[in-house]
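Asker: I'll drop the sequence and a predicted model, then ask my questions.
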Amino acid sequence: MIICPVCDHVQPEGTECDVCGKRFPTAVNVATPPVAQLPELELTPHAGGRDAVDAPVLPELDGTRLRSGPDLPAQVVQDLELTRAAPTGEMPVAALEELDTGRAQDDGVRTPAPLGAVTCRYCRNVQAVGLLCDNCGMRLPRARIAATAVAAKGDEDGWMACPSCHTRGRPGRACSECGTRLQEGA
């Protein structure tokens, strides 16, 4: 397979790219000059396998070899305490009086959703509309815009707010953020 270096188009064959027309480099056949052999170089290859090599064992290294496996004796560690603590027996378990394991009674008060402008947590840009930050493009925290802010921004220059995500857009077109169709009077 050939991959075009300009547009990364993959094609099975050809001298130029089917998409952008880039000519592919062709291999240049350069005649290799004859190599002169050196007279002092031995020309006989080694045809044998593993040859026996006389390697005597060094007596000073043989004594330092460590034994391994089950023939090693167990070693005693002087600082290790081998005693166990006496059994404790039955101990009374008392409940903590100040520990509350129940839920608080519902008072009916709910935390209101944030309204109005939202601050981007990445670049600290404050923006009133949209799901994406106008400065850095990251997703903004979810917050609904107050109905008064949407009504105030609605009619200037023919723009209107999306009923789903409150992003400004042109009536009769799809919202650029969520795809909802923007209709006048909706």
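Answerer: Received the coordinates, thanks.
Asker: lowest-pLDDT helix or strand in this structure?
Answerer: None of the helices or strands of the chain scores lower by mean pLDDT, DSSP states H and E than helix 147-154, at a mean of 48.
Asker: Wait, E13 touches I2, no?
Answerer: Yes: with contacts counted by C-beta atoms under 8 Å, E13 reaches I2, the gap being 6.9 Å. For the C-beta atoms, the positions are set from N, CA and C on the backbone; glycine is no exception.
Asker: ok, for the most centrally placed residue in the chain, nearest residue in space, not its chain neighbours?
Answerer: The centre of the chain sits closest to M138, judged by C-alpha atoms, centre = their mean, with a distance of 17.1 Å. Leaving out its chain neighbours, the residue that sits closest to M138 by C-beta to C-beta, 6 or more residues apart in numbering is Y122, at 4.7 Å.
Asker: quick revisit: let me see the contact set for the residue nearest to the centre of the chain.
Answerer: By C-beta atoms under 8 Å, 6 or more residues apart in numbering, the contact set of M138 is C120, R121, Y122, C123, L132.
Asker: could you say which helix or strand contains the residue nearest to M138?
Answerer: Per DSSP states H and E: Y122 is located in neither a helix nor a strand.
Asker: residue with max distance from the center of the chain?
Answerer: Distance from the centre of the chain peaks at P39, with 60.7 Å (C-alpha atoms, centre = their mean).
Asker: Do a quick rundown of the helices in this protein.
Answerer: For the chain, the helices defined by DSSP state H occupy 59-62, 147-154.
Asker: Could you list the low-pLDDT ranges of the chain?
Answerer: For the chain, the stretches flagged by pLDDT under 70 are 27-29, 43-49, 61-72, 113-114, 143-157, 185-186.
Asker: so how far is C120 from A104?
Answerer: 34 Å (C-beta to C-beta, to the nearest Å).
Asker: what does R50 give?
Answerer: In terms of C-beta to C-beta, R50 sits 71 Å off from C120.
Asker: ok, these two, which is more surrounded?
Answerer: C120 (19 against 5; other C-beta atoms under 10 Å).
Asker: The more buried one: what's it in contact with?
Answerer: Here C120 is in contact with V126, Q127, C133, N135, C136, M138, L140 (C-beta under 8 Å, 6+ apart).
Asker: Got a ChimeraX select line for the buried ones in these?
Answerer: Buried members of those, defined by 16 or more other C-beta atoms under 10 Å, are picked up in ChimeraX with:
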select :133,140
